[in-house]
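>>> my questions concern the predicted model and sequence given below.
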Amino acid sequence: MTAMIEVRGVTKAFGGVIANNNITLDVPMGRVTGLIGPNGSGKTTLFNSIVGYHPIDAGSIKFEGLEISDLQVQQIARRGLLRTFQQTRIYSKMNCVENMLISVPHRRQTYRDMFAQYPPEVTERAEQLLDFVGLYSKRKLIAGSLSFGQQKLLEFAMALMNEPKVLLLDEPTAGINPTLINGLINRLRRAATELGVTLFVIEHNMPVIMDLADDIYCLANGRLLAHGTPDEIQNDERVINAYLGGHYMVED
Amino acid sequence: MTTPALIFKRDSLLLYGGLLVASLAAPFVFADYTFQFTVLWVMILFAVTWDLLGGQMGYNSLGNIFFFGAGMYICAIVQIGLYYDVAEYTAASGEVHVEFTTRQYYTGLILGTIAAAVLSALFAVVFGYIVFGLRGPYFAIGTLGVALSAGELTGAWQYIGGGGGISLPVFPGEPDDRALFFYFLCFSLAAVTFFVLRKIYTGRFGLAINAIRDDEAKAEGMGIQTVRYKTIAWSISAFFLGISGALFGNMIGFIEPLEVAFPTVTFGIFMVVMCLLGGKGTMWGPVVGATLFHAFKEVTWTYMLGWQWVALGALIIVLVVFFQQGVMGWVQEKWPERFGIVVDDAAAQAGPDLDDGTRRREAAQ
């Protein structure tokens, strides 16, 4: 099984706080990999390190076998490694179709492309994907006027429009109406199987991640705590203590 | 589904046709106001080129006037330098009467304008490299610094006349022909600028700079080459501003750094106010804003002399506090369906969200 992302010994500190301490993990091609852990355990920091939002202090991150830890965000994105945000980020003053159109891949862009009009098949694809996430009827609305859950769906559709090889999703179901969660999980799984997108997902909703992921990593206090199938993770003493048990509940 | 599009097309034909006729007739019907109409076209150009960055891309530049002044001086230097030594010409300013033949006048004007356009765009690339690292208010102040220092530096540069300025070659013809000549040049330039911008806003370029405005970090995260888009956007703005400076300088006939070429606190601020008044980030907002503002300015400068700056300040305060969306922004809020901001009812009725999608799209078509 080929690893799309290989993280080796990654360490990242903010001042005295060590957010990621010697993390090593693999995201295998075509699979759904989960990342769980208590609040403040360093999940989002790891995502930020992978997509190049900040330099790492030590270690190596490879995408498709090539080192990416010294590249910039745009360069990594153009290679086909994309992320969505915990606090949803869409282009709030543009309508949904425009949000989709500008999310096309920018990999082989020439100066002429910059001024080109969109061919009908691109618009068609944008509408198909909006339909895929259930926003087709709202496609002409300004994205900022959508509800939080709808914006999240739009952001997911925008990510798919970019035809990524790997998609990092930061809490895709947070803030989504419970009745829509099943539909969204279904879409995520179809993205993985039908569109061949490798997914790496941070999620706090345990039933969702256990159902969705093939493989789960658990972080706690910046360290990798456990790795295994959903069954193994659910029955792991350390995970129960760190995440489902004492410290998480007490802090809440 | 085709009917609204047809009505819209007929509407815009009437609109553009009406504007064209009015623009062509204006200097003949109101001959006394030809100069004012010419300035209005320059104002419209200021507003639409400012809006390219300020409205569409979210970068509020207070230094766009720099390209206007740069274009004006570049054109002047080319016009004079083609036939005379620039240092001698500026040193002798006013003492020696210098003649340009008709042929020399037009050759100089054409070549000077081209140089003004190209070099202004290049300046934008160079300054963009420096100031596009700045965001928000820091970008505004950084660009303001560029414009202010350009005025001061030009004033200290004796080769191009320093603070004393330069007299430009005299138009070879009657004063009335001269007024019409510059009116139609400025009208054509403003119209070309408008249509070029309208064209690029509809494609990938327009969406990319809108994306930068709405969330630049997200745009970077999606792989958009933000620095390249920003630099090109400013170059386009600078290109047209450079031409406008070249034409405006020749229309005035005498240029100097602080009042004519780099008037940061007048034209430099007017650009922003016109866009705010008309509606930032809309196609017609800057045009409407420039027209209303120019009328407001002329009325206050005529009937409230002495208080005109107070009136202008009051206008700015009212705009910023009570009317941030501007005229076109207000129209769009009031009648969103006229701008196509609607829920697709046919699609919505065919099925709820996250249901099987194909039915909805078929129903809508």
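Structure's in. What do you need?
>>> my guess is residue A:49 meets residue A:13, correct?
No - in terms of Cβ atoms under 8 Å, residue A:49 does not count as a neighbour of residue A:13; the distance is 11.4 Å. C-beta: built from backbone N, CA, C; applies to glycine.
>>> so where's chain A uncertain?
Scanning chain A for pLDDT under 70 picks out A:1, A:244-252.
>>> helices and strands around the helix ranked longest in it, which ones?
Ranked by number of residues, the top helix in chain A under DSSP state H is helix A:178-193. If contacts are counted by 3 or more Cβ pairs under 8 Å, 6 or more residues apart in numbering or on different chains; DSSP states H and E, helix A:178-193 sits against strand A:32-36, helix A:148-161, strand A:198-202, helix A:206-212.
>>> which residues of the stretch 201-350 of chain B lie near chain A?
Applying Cβ under 8 Å from any Cβ of the partner chain, we find that the stretch 201-350 of chain B lies next to chain A at B:202-205, B:207-208, B:210-211, B:213-215, B:217-226, B:228-229, B:232, B:281, B:340-345, B:347-348.
>>> would you format the helices and strands packed on helix A:178-193 as a markdown table with distance to chain B and mean neighbour count included?
As requested, the helices and strands packed on helix A:178-193 are exported to a markdown table (distance: least, Cβ to the nearest Cβ, whole Å; neighbours: other Cβ atoms under 10 Å in any protein chain shown):
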| stretch | distance to chain B | mean neighbour count |
| --- | --- | --- |
| strand A:32-36 | 18 | 25 |
| helix A:148-161 | 7 | 22 |
| strand A:198-202 | 15 | 24 |
| helix A:206-212 | 15 | 18 |
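>>> ok, which stretches of the chain are strands?
You didn't pick a chain, so chain A it is. Secondary structure of chain A (DSSP state E): strands located at A:3-14, A:17-28, A:32-36, A:58-63, A:66-67, A:81-83, A:166-170, A:198-202, A:215-220, A:223-228.
>>> wrong one, chain B
Here chain B has its strands, by DSSP E, at B:166-167, B:254-255.
>>> nearest to residue A:60, of these?
With Cβ to Cβ as the criterion, residue A:60 lies closest to strand B:254-255 of these, at 59.4 Å.
>>> rewinding a little: neighbour count: residue A:49 and residue A:13, which is higher?
The neighbour comparison of residue A:49 against residue A:13 (other Cβ atoms under 10 Å in any protein chain shown) goes to residue A:49, with 24 against 15.
>>> contacting residues for the more buried one?
Going by Cβ atoms under 8 Å, 6 or more residues apart in numbering or on different chains, residue A:49 touches A:10, A:12, A:20, A:56, A:61, A:69.
>>> who wins for proximity to residue B:26 among the helices and strands packed on helix A:178-193?
helix A:148-161 (46.5 Å).
>>> kindly export the closest one (C-alpha atoms) in PDB.
Provided in PDB are the C-alpha atoms of helix A:148-161 (Å, rounded to 0.1, in the frame of the first residue of the first chain):
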ATOM      1  CA  PHE A 148     -22.800  27.500   8.700                       C
ATOM      2  CA  GLY A 149     -23.600  23.900   7.700                       C
ATOM      3  CA  GLN A 150     -24.300  24.900   4.100                       C
ATOM      4  CA  GLN A 151     -21.000  26.800   4.000                       C
ATOM      5  CA  LYS A 152     -19.200  23.700   5.200                       C
ATOM      6  CA  LEU A 153     -20.800  21.700   2.400                       C
ATOM      7  CA  LEU A 154     -19.800  24.400  -0.100                       C
ATOM      8  CA  GLU A 155     -16.200  24.300   1.100                       C
ATOM      9  CA  PHE A 156     -16.200  20.500   0.700                       C
ATOM     10  CA  ALA A 157     -17.500  20.900  -2.900                       C
ATOM     11  CA  MET A 158     -14.900  23.600  -3.600                       C
ATOM     12  CA  ALA A 159     -12.200  21.200  -2.400                       C
ATOM     13  CA  LEU A 160     -13.500  18.500  -4.700                       C
ATOM     14  CA  MET A 161     -13.600  21.000  -7.600                       C
END
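>>> stretch A:35-46: end-to-end distance?
Using Cα to Cα, to the nearest Å, one end of stretch A:35-46 lies 10 Å from the other.
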